[in-house]
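the sequence and its predicted three-dimensional model are supplied below.
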Amino acid sequence: MMIFLAAMLLICFLLAVHPYTTYPLSLLALKALRRNAIAPIGAAPNSYAIACCVYNERQVIEAKVANMLALKERLPNCQLLVHSDGSSDGTDEFLRAHSDVLTLSFAERRAGKSTGMNALMRKTSAEVVIFTDANVMIDPERVANVGHYFRDPKIGCVTGHLSYTNPDESATAWTGARYWRFEEWLKQLESETGSVVGADGSIFAIRRRLYTPAPADIIDDFHTSMSIFCSGHRIVRAEDFVAYERAATVREDELRRKVRISCRAFNCHRLLWPRILRSGVLPVYMYTSHKLLRWLSGYFVALGMICTALMVGLAFGPAGFLAFVAALVLGIVLAGRTRLPLVSKIWEGVAATAATGAGVYKSLRGERFQTWTIAASTRR
């Protein structure tokens with residue numbers, strides 16, 4: 001029994017750390033053997049659209065529209081698309097006042113971002129559509145760089161480089177920014193060796209003809225990009241296609257966001273998994289390593305802790321088992337309440353992993369999170 005538990009603990013450990021260690025190492029090895037370069041042999045896109053869905057974004061909507069207008073000046077034949085999902089804070093009134101420069105869509109009642117994006121895509125015939133979020137500001141000086149990537153006919157989607165602007169405001173913001181730096185590095189490795197596994201909704205662009213409408217209760221950015229991934233087109237990361245966003249500074253805001261996103265992403269996984277399985281050995285390996293195992297890492301950690309507790313119980317009896325469990329619970333409680341910088345930052349990572357696992361559980365229970373509420377600390 002002790003050998004079995006030790007083997008299970010080792011397997012759980014390897015599965016939990018693989019997305020962050022052996023997976024990027026395998027991509028580095030693959031990069032040394034081959035590198036998928038971009039082949040700009042076609043014509044650059046001759047028309048663009050920028051699409052954004054909003055809900056109660058009065059705090060940032062003026063800056064967002066100003067940013068979109070600046071982008072329009074640097075892109076040929078650029079259409080600006082905005083959908084409001086039942087806003088009630090004055091956002092709609094501001095948008096209507098700028099209907100001369102914006103193509104607008106309004107929901108009579110809240111239906112979610114995917115429904116909004118589907119409505120916007122019916123309003124454009126642009127060759128390339130750039131998706132963005134209300135609180136994300138795209139660099140106007142570098143937005144035109146995205147056209148270079150679409151000169152490669154094999155590329156169907158381009159995900160940009162997102163930078164958080166406030167990593168020093170709190171342990172939550174610091175942890176989120178550090179994690180995102182790792183994520184950007186990993187996406188770059190995937191881009192250079194094959195295809196990025198999915199795009200982030202804050203800044204990505206697609207060929208309009210490859211768009212597949214997302215079901216209302218499925219996360220739109222992941223569904224849109226992964227549908228292109230499954231079609232055999234590449235998703236690449238563009239270091240010179242840049243946007244800026246404010247990270248959540250309050251732990252509760254970030255954890256709620258993690259639960260919502262992981263639940264919706266896992267719902268999308270369950271919908272697209274049969275198509276992903278048909279995409280080839282390397283794409284399945286990359287998807288499983290980058291996405292699936294990461295969503296399940298909290299369960300691997302929990303199972304590893306159970307195996308460890310049982311091993312302690314076998315070695316030291318019931319008293320040892322109870323002492324280990326008590327020490328583990330006490331450590332978790334104290335870590336969550338401490339203000340020591342290092343411990344607090346480690347705890348943020350642990351809590352994020354647990355929140356992701358909670359989102360997967362909610363997905364399996366049938367929850368959908370079709371609509372969204374903004375995290376207040378990202379808008380200050």
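Great, that's in hand.

now do the contacts for the closest residue to Tyr23 other than its chain neighbours.
Nearest in space to Tyr23, with sequence neighbours left out and distances taken as Cβ to Cβ, 6 or more residues apart in numbering, is Ser289 at 4.0 Å. C-betas here are computed from N, CA, C, even on glycine. Counting by Cβ atoms under 8 Å, 6 or more residues apart in numbering, Ser289 touches 18-19, 23, 26.

can you add distance to Asp240, pLDDT and secondary structure and give the residues you listed back as a markdown table?
Shown next, in a markdown table, are the contacts of Ser289 (distance: Cβ to Cβ, whole Å; pLDDT from 0 to 100; DSSP: H, G, I helix; E, B strand; the rest coil):
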| residue | distance to Asp240 | pLDDT | secondary structure |
| --- | --- | --- | --- |
| His18 | 30 | 98 | helix |
| Pro19 | 27 | 97 | helix |
| Tyr23 | 26 | 98 | helix |
| Ser26 | 27 | 97 | helix |
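
can I get the residues you listed in TSV including distance to Thr103?
Formatted as TSV, those follow (distance: Cβ to Cβ, whole Å):
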residue	distance to Thr103
His18	44
Pro19	39
Tyr23	41
Ser26	44
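
and Pro40, which of the three is it?
coil (DSSP: H, G, I helix; E, B strand; the rest coil).

for it, grab the count of nearby residues.
When neighbours are counted by other Cβ atoms under 10 Å, Pro40 registers 15.

wait, doesn't it sit right on Pro153?
No. With contact defined as Cβ atoms under 8 Å, Pro40 does not reach Pro153; the gap is 9.8 Å.

give me the helices and strands touching the longest helix along the chain, please.
Ranked by number of residues, the top helix in the chain under DSSP state H is helix 297-337. Using 3 or more Cβ pairs under 8 Å, 6 or more residues apart in numbering; DSSP states H and E as the contact test, the elements touching helix 297-337 are helix 2-17, helix 341-364.

out of those helices, the one nearest Arg96 is which?
With Cβ to Cβ, the closest approach to Arg96 among the helices and strands packed on helix 297-337 belongs to helix 341-364: 35.6 Å.

next one: that closest one to chain centre, how far?
15 Å (Cα atoms, centre = their mean, to the nearest Å).

for it, which positions count as buried?
Buried residues in helix 341-364, counted by 16 or more other Cβ atoms under 10 Å: 343-344, 347-348, 351-363.

neighbours around Ala97, how many?
10.

distance check, it against Gly366.
Using Cβ to Cβ, to the nearest Å, we find Ala97 at a distance of 41 Å from Gly366.

please name whichever of the helices and strands packed on helix 297-337 is nearest to Gly86.
Closest to Gly86 of the helices and strands packed on helix 297-337, according to Cβ to Cβ: helix 341-364, at 23.1 Å.

now that closest one - C-alpha only, PDB.
In PDB, the C-alpha atoms belonging to helix 341-364 read as follows (Å, rounded to 0.1, in the frame of the first residue of the first chain):
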ATOM      1  CA  PRO A 341       5.100  39.300   1.100                       C
ATOM      2  CA  LEU A 342       6.600  35.900   0.000                       C
ATOM      3  CA  VAL A 343       3.900  33.800   1.800                       C
ATOM      4  CA  SER A 344       1.200  36.000   0.500                       C
ATOM      5  CA  LYS A 345       2.300  35.700  -3.100                       C
ATOM      6  CA  ILE A 346       2.600  31.900  -2.800                       C
ATOM      7  CA  TRP A 347      -0.900  31.800  -1.300                       C
ATOM      8  CA  GLU A 348      -2.200  33.800  -4.200                       C
ATOM      9  CA  GLY A 349      -1.000  31.100  -6.600                       C
ATOM     10  CA  VAL A 350      -2.500  28.300  -4.500                       C
ATOM     11  CA  ALA A 351      -5.800  30.100  -4.200                       C
ATOM     12  CA  ALA A 352      -5.800  30.700  -8.000                       C
ATOM     13  CA  THR A 353      -5.200  26.900  -8.600                       C
ATOM     14  CA  ALA A 354      -8.100  26.100  -6.200                       C
ATOM     15  CA  ALA A 355     -10.400  28.600  -8.000                       C
ATOM     16  CA  THR A 356      -9.600  27.000 -11.300                       C
ATOM     17  CA  GLY A 357     -10.500  23.600  -9.900                       C
ATOM     18  CA  ALA A 358     -13.800  25.100  -8.500                       C
ATOM     19  CA  GLY A 359     -14.600  26.400 -12.000                       C
ATOM     20  CA  VAL A 360     -14.100  22.900 -13.500                       C
ATOM     21  CA  TYR A 361     -16.400  21.500 -10.800                       C
ATOM     22  CA  LYS A 362     -19.100  24.000 -11.600                       C
ATOM     23  CA  SER A 363     -18.800  23.200 -15.300                       C
ATOM     24  CA  LEU A 364     -19.400  19.500 -14.600                       C
END
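
what is that helix packed up against?
On a contact count with 3+ Cβ pairs under 8 Å, 6+ apart, helix 341-364 meets helix 171-193, helix 251-277, helix 293-295, helix 297-337.

show me the contacts for Cys53.
Cys53 is in contact with 82-85, 113, 116-117, 120, 133-134, counting by Cβ under 8 Å, 6+ apart.

are we agreed that it is in a strand?
Yes. Counting by three-state DSSP, Cys53 is part of a strand.

tell me the secondary structure for Pro153?
Applying three-state DSSP: Pro153 is coil.

skipping adjacent residues, who's closest to it in space?
In this structure, Pro153 finds its nearest non-sequential neighbour in Gly42, 5.3 Å apart by Cβ to Cβ, 6+ apart.

and the one you found, how far from Thr175?
Gly42 is 41 Å from Thr175, by Cβ to Cβ.
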